[in-house]
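1. give me a model of this one.
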Amino acid sequence: MSITWAGKILIVEDSLREWRIISHYLGDWGYKIVKASSAKEALEIALEERPDAIVTNVVIPGMSGFELCRFLKINLTSQKVPIVVCSNKNQAVDRLWARKQSADVYLTKPYTPEDLLSAIQSATEWNCILS
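-> Next up, the predicted model:
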């Protein structure tokens with residue numbers, strides 16, 4: 001028997017279809033979902049609502065998911081929030097760039113619901129160890 005950590009997840013996705021899929025996956029596991037469709041909205045929500053984790057697409061309006069990640073990780077209010085970056089790109093350079101921007105996990109699309117849950121759990125466990 002495994003215990004699943006559940007909390008508030010900010011999903012940063014400008015595609016309504018993708019947002020619904022991710023929300024469905026995470027909602028089934030008991031997570032509370034908060035939505036942002038742009039980088040600006042994500043920054044405001046992250047700083048005000050303090051989600052337990054963030055799942056962001058790379059291509060979002062306002063700035064890239066990489067830039068969003070970098071900003072959140074240098075801000076004292078949000079720097080310990082685990083961030084999972086999701087992308088269609090599966091090149092080593094993309095993964096490296098995500099790490100350089102302080103992303104906790106880089107997940108390549110398409111992924112299964114279990115892949116997403118595992119990525120979030122991995123990111124939150126890693127941040128708990130570092131805290």
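
2. this structure: strands as residue ranges?
-> 8-12, 32-36, 53-57, 83-87, 105-108 (DSSP state E).

3. those strands into a markdown table, with extra columns for mean neighbour count?
-> Heads up, the C-betas are built off the backbone N, CA and C, glycines and all. Shown next, in a markdown table, are the strands of the chain (neighbours: other C-beta atoms under 10 Å):
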| stretch | mean neighbour count |
| --- | --- |
| strand 8-12 | 24 |
| strand 32-36 | 18 |
| strand 53-57 | 26 |
| strand 83-87 | 25 |
| strand 105-108 | 20 |
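
4. excluding chain neighbours, what is closest to residue 14?
-> Using C-beta to C-beta, 6 or more residues apart in numbering and skipping the chain neighbours, the partner closest in space to residue 14 is residue 37 (4.8 Å).

5. packing partners of the worst-scoring helix or strand of the chain on mean pLDDT?
-> Within the chain, judged by mean pLDDT, DSSP states H and E, the helix or strand with the poorest mean is helix 113-130; its value is a mean of 78. Counting contacts by 3 or more C-beta pairs under 8 Å, 6 or more residues apart in numbering; DSSP states H and E, helix 113-130 packs against helix 16-28, strand 53-57, strand 83-87, strand 105-108.

6. and the angle from it to strand 8-12?
-> With axes from the mean of the first three to the mean of the last three C-alpha atoms, to 10 degrees defining the directions, helix 113-130 sits at 120 degrees from strand 8-12.

7. what's the closest of the helices and strands packed on helix 113-130 to residue 65?
-> strand 53-57 (4.1 Å; C-beta to C-beta).

8. list the residues that contact the residue nearest the centre of the chain.
-> The chain has residue 55 as the residue nearest its centroid, 1.8 Å off, counting by C-alpha atoms, centre = their mean. When contacts are counted by C-beta atoms under 8 Å, 6 or more residues apart in numbering, residue 55 touches 9, 10, 11, 12, 13, 22, 26, 83, 84, 86, 116, 120.
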